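[1] how would this look folded up:
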Amino acid sequence: MRKIIPLNGGWEFTKTPYANLNTSTTSWESVSLPHTWNAIDGADGSEYYRGECCYRTTLNPSVLLSDAPLNCGKILLRIPALSLRGEVYVDGKNLGSHEGGYSAFVVDITKSFLAAKENNSTLELTISADNQNRSNIYPQMADFTFYGGLYRGVELLLLPEIHFESAPYAAKGLTVSSELTECMQEAILYIHSHVNTDSADYTVRYQIVDRDGSIVAESWRPTSDTRTEIYLPTPHLWQGVDDPYLYRCTATLVRRNETVDQISTTFGIRDFYVDSENGFFLNDKPMMLRGVSRHQDWLYEGYALTREQHFRDAFLISEIGANTVRLAHYQHSEDFYDACDEYGFIVWAEIPYISTQSDDPAAHENARNQMKELIYQNYNHPCICFWGLSNEITIGGEKEGVVENHKDLNNLVKEIDPTRLTTMAHVSMLPMDSALHGITDVESYNHYFGWYGGNYDYNEKWLDEFHEKYPDICLGLSEYGAEGIITYQPDAPRCRDYSEAYQAEYHEHMAQILMERPYLWSTHVWNMFDFGCAARNEGGVAGRNNKGLVTMDRQINKEAFYVYKAYWSKDPFVYLCGRRYAQRAGNTTTVKIYSNQSQVSLYVDGELFGTKVGSRVFVFENVPLVGEFTFLTAVADGCSDNITLEKVSRKPDIYTLPMDESEGEGVTNWFEQVETVASDAPMEFSATHFSVYDKIKDILAHDEAFEILSGALSSISGMKLNKSMMAMMQDQTLIGLTDMFKAMGNTNAPDNALQIINAELNKIKKPYNH
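    Got it, this is the predicted structure:
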C-alpha cells in the first residue's frame with residue numbers, strides 16, 4: 001500500500017537564485033511549509049519582492065523508507081503549488097520543472113532516492129520558486145498580488161512497484177462521473193483508473209460507499225481495461241446547499257489475495273443546465289445562483305493557508321446564504337474545492353488567463369496546460385459546474401488571435417470534459433457585438449457602475465438592454481462591488497468615499513435588482529474578502545483591494561455582509577447597522593437594521609421606539625440620543641442585536657476620508673484648464689508626437705504625456721487614476737478608454753473630449769528612437 005509523507009518541516013529559505021547559491025556565503029533562514037515570501041510585503045503597501053528564491057531540506061531515505069510499502073518501486077515528490085515557476089534539484093541534479101503558479105505537479109526522484117538508501121546516505125532537496133513575470137506564463141498582469149513560494153507544502157509519495165498512477169497532469173488517477181435518467185431516479189456511474197501494468201495477475205476493485213459507510217455497489221475490472229459502469233437505483237443526489245450529499249469511490253489494486261495499492265475520491269451525483277431566460281437548474285430544480293468571488297489570501301499569511309483556514313472561508317460564505325462561488329482567478333487549493341463539495345456551493349473554476357494576452361506564442365500553450373491541470377486535478381468535484389477560460393482578457397486591448405485562442409481553449413475543455421459548461425468573464429467595456437460572445441456555453445460581465453463610474457442604477461439598465469438585444473445568450477454578472485473601509489462613517493454616503501456605509505448602500509441596491517432578474521444565470525459579488533494587491537493605494541489603505549464583505553484577516557464582517565445575509569440566508573437573524581459609527585453628534589440619529597424577518601422592533605434604552613413591517617432593510621428616523629450613552633436593541637422573531645452609541649459634541653475626524661485622498665470628490669475638471677478645439681478637428685496618428693492613437697503603456701512611460709492622460713481620464717471618469725490602475729490597460733488606446741468611461745454615464749467630458757486630448761498630446765514630442 002502507498003504511503004504519503006508530508007514534508008513540511010525542517011526547511012531553509014533564501015532569497016537567492018539557484019545559480020548563485022554558495023554553501024559558504026548564502027544566508028538561509030529556517031521556515032516551515034506552507035510558506036510565501038510575500039506574506040507581509042504583498043499586503044502592507046510596500047513594494048513586494050518578485051524574483052527567484054530557494055528552499056532546501058535534507059531527506060534520509062533509510063528513515064523515510066522504514067515504513068514504506070513492500071517492493072517500493074516508485075518515489076514521487078508532489079508539489080501542490082509553487083508560484084510561479086519552479087525547478088526541483090536533488091543533490092544538485094535538476095529532476096523536474098513546472099510553469100504555472102497554482103496547480104500541482106509531480107517529480108520522479110526514485111533513482112536518486114533508492115541509490116541513497118543503498119549507500120545509507122542523505123539527499124539534499126532544493127526547490128527554486130520564481131514569481132517574476134515571464135512572457136510565456138500566465139498571469140501576465142492582474143489586480144492582485146502574485147505571491148511567491150511553496151505555499152501549499154510538499155508531499156513524498158512512496159508507491160509499490162505496481163500502483164495507481166498520478167496521470168495525467170498530476171491527477172488522482174481515479175475519475176468518477178455520472179449520468180442520470182430523465183426521471184432522476186437512476187444513475188449510471190462511469191469510473192476509470194490508471195494502473196502502471198496490464199498484467200493479468202492484477203485486478204481492480206471499485207466500491208461505492210454512501211455517507212453512512214455502507215457499500216452500495218461494487219465492480220471488478222482487469223488492469224488491461226479498468227473502465228467500468230455501475231448502476232445505482234434511487235441515488236441520493238448532490239443538491240447543492242440544500243443537500244450536498246457525497247459518496248466515496250475506492251479503487252483497490254489486488255494481486256491474487258493481496259491488496260497492493262488503494263486510492264479513493266469523493267463524488268456527487270447531479271445534473272444541471274442553464275436556460276437563457278430562467279437561469280440555472282440543478283437536478284431539474286431552478287436554482288438562482290447568487291454568491292461571491294474569492295481570492296485565496298489571508299492578511300500577513302498570503303497564500304500559505306491551512307486546510308482549516310480554507311474551510312473557515314467556506315463557512316463564512318455559507319453564513320450569508322450564498323450558493324455559488326467564483327474562484328478567482330486561478331486554480332485554488334484542493335482543500336477549498338473539498339469544502340465547496342461539502343457545503344454545496346456551485347463553483348466557477350478558472351485559469352489565470354487574465355487582463356492581457358501575452359505576445360509570446362508560447363503563452364497559449366501555457367494556458368492550455370494550466371487548463372488541463374485544472375480539469376484533470378479537479379474532475380471529481382461535484383461542486384464545479386463551470387470551467388472559466390479567461391477574465392477581462394481585453395482590458396489591455398483586444399489583441400490579434402484572442403478570439404481564436406478562446407475557441408481553442410473552449411474546444412480543449414469540451415474534449416477533456418464534455419459534462420460541464422464553459423464560461424468567461426468580460427471586461428465592462430467589451431462591446432455587446434464582440435466576436436468573443438458566443439464562444440462559451442454561458443458568459444458574464446464584470447461591471448462596476450456606481451464605483452468606478454456612473455451610478456449604481458445603471459447596472460440594471462445595462463443588463464436589461466443586453467438581455468433584450470441578445471435573449472439567447474446566457475448572461476451573468478461575474479464581478480460587481482465597491483470599496484468599504486470600516487473607519488469611514490459618513491452621515492451622507494457617496495460614491496468613492498470608501499465608507500462602509502456607501503458600500504452597504506450600493507449592495508442594498510445590487511442585491512435587490514439581481515434577485516429581480518432570474519435570467520441572470522449567476523451573479524458574484526467582488527469580493528467575499530479583502531485581498532492583497534500590492535499595486536493599490538486607495539482610501540488611505542495601501543496594498544489591498546477593500547471590496548470584500550469581510551476584512552482580509554477574517555475578523556470583521558462589514559455591513560454589506562449582512563445585506564446579503566438578509567437576502568440569501570434562511571437562518572433567522574437581525575443586525576443593527578452603524579456600530580462602528582459609535583460616536584455621534586446631535587440629538588437624534590438614523591438607525592438602519594438588516595433582517596430576513598418581516599417585522600423588526602427597535603428599543604432605545606430598553607423602551608420600545610417603534611416597529612416596522614417590511615423586507616430586509618428597515619430604517620428608523622429621528623432616534624433620540626439622550627445622555628452620554630444610548631443603548632439600542634433590535635428584535636425580530638426571537639433574534640436580537642445590540643449596540644451602544646456615544647453622544648459627542650463633534651463627530652471624530654477619523655470617520656471621514658480626507659478630501660485630498662478621496663477619489664469621489666475634488667477631481668479637477670481638466671478640460672476647463674486647457675484650450676478647446678473644434679469637434680471636427682482632425683485626429684491622426686503621429687510618428688513624432690503623441691496622440692490618442694498611442695497605447696497607454698507608451699504614454700505612461702513619458703511624464704508629461706502621463707499628466708495629460710491622468711488629468712483627462714480622471715475628469716472623464718470622476719475619479720483619480722494612478723499609474724498602477726492605468727497600467728492594467730497598457731495596450732488600450734485613449735479612444736477605447738474614453739468611450740468606456742463616457743458609457744458609464746459620467747457627464748464631465750465634453751462631446752469633443754477626444755479632440756481636446758489629442759491636441760494636447762500633439763504638443764509633446766515622442767522620445768527619439770534609434
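[2] residue ranges of the strands in the stretch 251-400 of the chain, please?
    Counting by DSSP state E, counting those that start in this stretch, the stretch 251-400 of the chain has strands at residues 258-267, 272-275, 279-282, 285-286, 289-294, 324-327, 346-350, 384-391.
[3] Once you drop chain neighbours, what's closest to the residue nearest the centre of the chain?
    Nearest to the mean C-alpha position of the chain, by Cα atoms, centre = their mean, lies A328 at 1.9 Å. Leaving aside its sequence neighbours, A328 sits nearest to S293 (Cβ to Cβ, 6 or more residues apart in numbering; 4.8 Å). Yep, even glycine has a C-beta here, placed from its N, CA and C like the rest.
[4] One more: Y693?
    F685 is the one closest to Y693 (Cβ to Cβ, 6+ apart), at 4.2 Å.
[5] From T676, how far off is that neighbour?
    Remark: distance between F685 and T676 (Cβ to Cβ, to the nearest Å) = 22 Å.
[6] The two: who's more crowded?
    Between F685 and T676, T676 has the larger neighbour count (other Cβ atoms under 10 Å), namely 13 against 10.
[7] what helix or strand does the closest residue to the more buried one other than its chain neighbours sit in?
    Nearest residue to T676, sequence neighbours excluded (Cβ to Cβ, 6+ apart): I756, at 6.1 Å. Element membership for I756 (DSSP states H and E) is helix 753-761.
[8] elements contacting that helix?
    Here helix 753-761 touches helix 703-717, helix 734-743, going by 3 or more Cβ pairs under 8 Å, 6 or more residues apart in numbering; DSSP states H and E.
[9] Show me what the mean pLDDT comes to for the last one.
    In other words, helix 734-743. Per-residue pLDDT over helix 734-743 has a mean of 61.
[10] ok, now the first one?
    Helix 703-717 carries an average pLDDT of 83.
[11] now swap in stretch 500-519 and tell me
    pLDDT averaged over stretch 500-519 gives 98.
[12] ok, and for it, which residues are buried?
    Of the residues in stretch 500-519, 500-511, 513-514, 517, 519 count as buried by neighbour count, 16 or more other Cβ atoms under 10 Å.
[13] same question, stretch 361-370
    For stretch 361-370, burial by neighbour count (16+ other Cβ under 10 Å) applies to A363, H364, N366, A367, R368, N369, Q370.
[14] Output the lowest mean pLDDT helix or strand found in this structure.
    Ranking every helix and strand in the chain by mean pLDDT, DSSP states H and E puts helix 734-743 at the bottom, with a mean of 61.
[15] Enumerate every residue touching the residue nearest to N546 when sequence neighbours are not counted.
    Spatial nearest neighbour of N546, chain neighbours left out: E483 (4.5 Å); criterion: Cβ to Cβ, 6+ apart. Counting by Cβ atoms under 8 Å, 6 or more residues apart in numbering, E483 makes contact with W451, R496, Y498, Q503, E538, G539, N545, N546, K547.
[16] how about CSV for those, with secondary structure and distance to I354 added?
    Shown next, in CSV, are these (DSSP: H, G, I helix; E, B strand; the rest coil; distance: Cβ to Cβ, whole Å):
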residue, secondary structure, distance to I354
W451, coil, 20
R496, coil, 24
Y498, coil, 25
Q503, helix, 24
E538, strand, 20
G539, coil, 24
N545, strand, 14
N546, coil, 20
K547, coil, 17
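[17] can you pick the most crowded of the residues you listed?
    Neighbour max across those (other Cβ under 10 Å) = Q503, 29 neighbours.
[18] Does that residue touch V563 like I think?
    No - taking contacts as Cβ atoms under 8 Å, Q503 lies outside contact range of V563: 9.1 Å.
[19] contacts for stretch 16-26?
    For stretch 16-26, contacts defined as Cβ under 8 Å, 6+ apart pick out T14, S27, G51, E52, C53, C54, E87, Y89, T126, S128, D130.
[20] Which one of the residues you listed is nearest to I764?
    Distance to I764, by Cβ to Cβ, is smallest for G51 among these, at 34.6 Å.
[21] helix or strand for the residue lying closest to the closest one once chain neighbours are set aside, which one?
    In space, not counting the residues next to it along the chain, G51 is nearest to Q132; the distance is 5.7 Å by Cβ to Cβ, 6+ apart. Using DSSP H and E, Q132 maps to neither a helix nor a strand.
[22] From one end of stretch 474-484 to the other, what's the distance?
    31 Å (Cα to Cα, to the nearest Å).
[23] whoops, I mixed them up, stretch 180-189
    Stretch 180-189 has an end-to-end distance of 9 Å (criterion: Cα to Cα).
[24] Provide the contact partners of that stretch at residue level.
    For stretch 180-189, contacts defined as Cβ under 8 Å, 6+ apart pick out 176-179, 208, 217, 229-235, 237, 249, 269-271, 283-284.
[25] Now, of these, which are buried?
    Using 16+ other Cβ under 10 Å, the buried ones in those are 176-178, 208, 217, 230, 232, 235, 237, 249, 269-271, 283.
[26] With pLDDT, secondary structure and distance to H702 as extra columns, can I get the residues you listed in TSV?
    Shown next, in TSV, are the buried ones among the contacts of stretch 180-189 (pLDDT from 0 to 100; DSSP: H, G, I helix; E, B strand; the rest coil; distance: Cβ to Cβ, whole Å):
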residue	pLDDT	secondary structure	distance to H702
V176	98	strand	57
S177	97	strand	55
S178	97	strand	59
I208	98	strand	65
A217	98	strand	69
I230	98	strand	66
L232	97	strand	66
P235	97	coil	65
L237	98	coil	61
C249	98	strand	61
I269	98	coil	60
R270	98	coil	55
D271	97	coil	57
N283	97	coil	58
